[in-house]
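**Student:** Pasted the sequence and its predicted model underneath.
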Amino acid sequence: GTRQRQIMRQNLNAFLRFSVERGVLKSCYLPPATTPEVRNAKRDGYALSDVQILRLLDGLPEDVAAQRWRYAIQLCAVYGLRPEELRYLKIRQGSEGDELWTIYRKSKGGRKGETTEPRRLNALLLRDQEGNLVEWNLLQRVKIGEELPPLGAQGKAGESLGTYLRRKQVWQSLKAEAIHTGEELVPYTFRHRYAKRSHAKRIPIANIASAMGHTVEVHLSSYARFTPDATADLYAQVNAAKPLEVN
């Protein structure tokens with residue numbers, strides 16, 4: 001059911017068809033003219049709350065490796081990063097001083113050769129249980145070159161983050177909470193948090209999509225569930241309205 005699997009199927013189909021048409025393989029190897037895609041329903045990725053993320057960070061050990069992963073998680077949560085983008089962080093001079101950018105170029109699915117553009121990152125700070133902003137001074141830490149954890153081979157940063165977290169008891173506890181809601185806890189959960197909080201703050205969808213480095217169409221295909229429910233808002237307004245006085 002993944003995009004990678006779809007590409008693999010397409011490539012295998014093309015290879016077999018090519019080989020049969022040139023007589024290298026017998027006709028029995030020719031793929032069907034039409035092969036329906038039977039895909040499992042995609043489970044929604046769980047968006048950790050700010051308090052849950054703080055709980056996760058507190059539950060990690062205090063060794064050097066954990067400190068580096070804690071830093072990576074903070075960056076992903078505050079800036080809505082894909083784990084792979086951690087490799088591509090740069091400081092640039094803007095009109096008002098230092099700005100944090102990612103120069104990662106992600107392939108646009110279905111558009112041959114097209115990639116996303118580098119973008120400025122916009123912080124969405126976490127709040128603790130009392131509602132106080134949590135400041136980790138991430139821009140300055142990137143500027144001085146604080147070391148990130150090993151992110152594995154190119155394109156595998158998400159897997160590396162997932163491998164590290166799966167071994168932690170606090171992650172397993174959060175995973176159970178996600179399952180209880182019918183959702184799935186994944187390494188992108190910190191990016192999901194950024195999307196959900198942005199929508200909760202009524203930031204326009206076009207601006208959220210721009211901040212996260214994808215189109216509005218892609219954003220809605222992944223995060224439409226976080227958009228405010230206009231129907232629920234209307235009914236809430238009706239319930240909150242004072243009854244009309246009858247003379």
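**Tutor:** Received, thanks.
**Student:** C-alpha from now on. contacts and neighbour counts both.
**Tutor:** Noted.
**Student:** Between the two ends of stretch 142-158, how far is it?
**Tutor:** 20 Å (Cα to Cα, to the nearest Å).
**Student:** what pLDDT, on average, does that stretch get?
**Tutor:** Stretch 142-158 shows a mean pLDDT of 95.
**Student:** Stretch 85-93 too?
**Tutor:** For stretch 85-93, the per-residue pLDDT averages 96.
**Student:** Now it: buried residues?
**Tutor:** Glu85, Leu86, Leu89, Lys90, Ile91 (16 or more other Cα atoms under 10 Å).
**Student:** Just say helix, strand or coil for the last one.
**Tutor:** Taken by DSSP: H, G, I helix; E, B strand; the rest coil, the conformation at Ile91 corresponds to strand.
**Student:** Three-state assignment for the nearest residue to it once chain neighbours are set aside, please.
**Tutor:** Residue nearest to Ile91 in three dimensions, not counting chain neighbours: Leu100, with 4.9 Å by Cα to Cα, 6 or more residues apart in numbering. Three-state call for Leu100 (three-state DSSP): strand.
**Student:** residue contacts, Leu100?
**Tutor:** Residues near Leu100 by Cα atoms under 8 Å, 6 or more residues apart in numbering: Leu89, Lys90, Ile91, Arg92, Arg120, Leu121, Asn122, Leu139.
**Student:** residue contacts, the closest residue in space to the fifth one that isn't next to it in sequence?
**Tutor:** Translated: Arg120. Counting by Cα to Cα, 6+ apart, Trp101 is the residue found nearest to Arg120 once chain neighbours are left out, at 4.3 Å. The contact partners of Trp101, taken as Cα under 8 Å, 6+ apart, are Leu89, Lys90, Ile91, Arg92, Pro118, Arg119, Arg120, Leu121.
**Student:** Write down the beta-bridge partners of Trp101, one by one.
**Tutor:** Beta bridges link Trp101 to Lys90, Arg120 when assigned by DSSP bridges.
**Student:** so Ala178 touches Val186, yeah?
**Tutor:** No. In this structure, Ala178 is not within contact of Val186 by Cα atoms under 8 Å, at 9.7 Å.
**Student:** how far away is Asn207 from Leu81?
**Tutor:** 15 Å.
**Student:** Repeat that for Asn122.
**Tutor:** 10 Å.
**Student:** higher neighbour count, the two?
**Tutor:** Set Asn122 next to Leu81 and count neighbours by other Cα atoms under 10 Å: Leu81 wins out with 24 against 15.
**Student:** Contact partners for the more buried one?
**Tutor:** Leu75, Phe190, Arg191, Met212.
**Student:** just Leu125 next, same as before
**Tutor:** Val78, Leu133, Val134, Glu135.
**Student:** From Asn137, how far off is it?
**Tutor:** For Leu125, the distance to Asn137 - Cα to Cα - is 10 Å.
**Student:** With Thr189 instead?
**Tutor:** Using Cα to Cα, Thr189 is found at 21 Å from Asn137.
**Student:** Looking at those two, which is more packed in?
**Tutor:** The residue with more neighbours, out of Thr189 and Asn137, is Thr189; 22 against 8, by other Cα under 10 Å.
**Student:** Ignoring the adjacent residues along the chain, who's closest to the more buried one?
**Tutor:** Using Cα to Cα, 6+ apart, the closest residue to Thr189 is Ala47 (5.0 Å).
**Student:** picking up where we left off before, any idea which of the contacts of Trp101 is closest to Met8?
**Tutor:** Closest approach to Met8 among the contacts of Trp101 (Cα to Cα): Pro118, at 28.1 Å.
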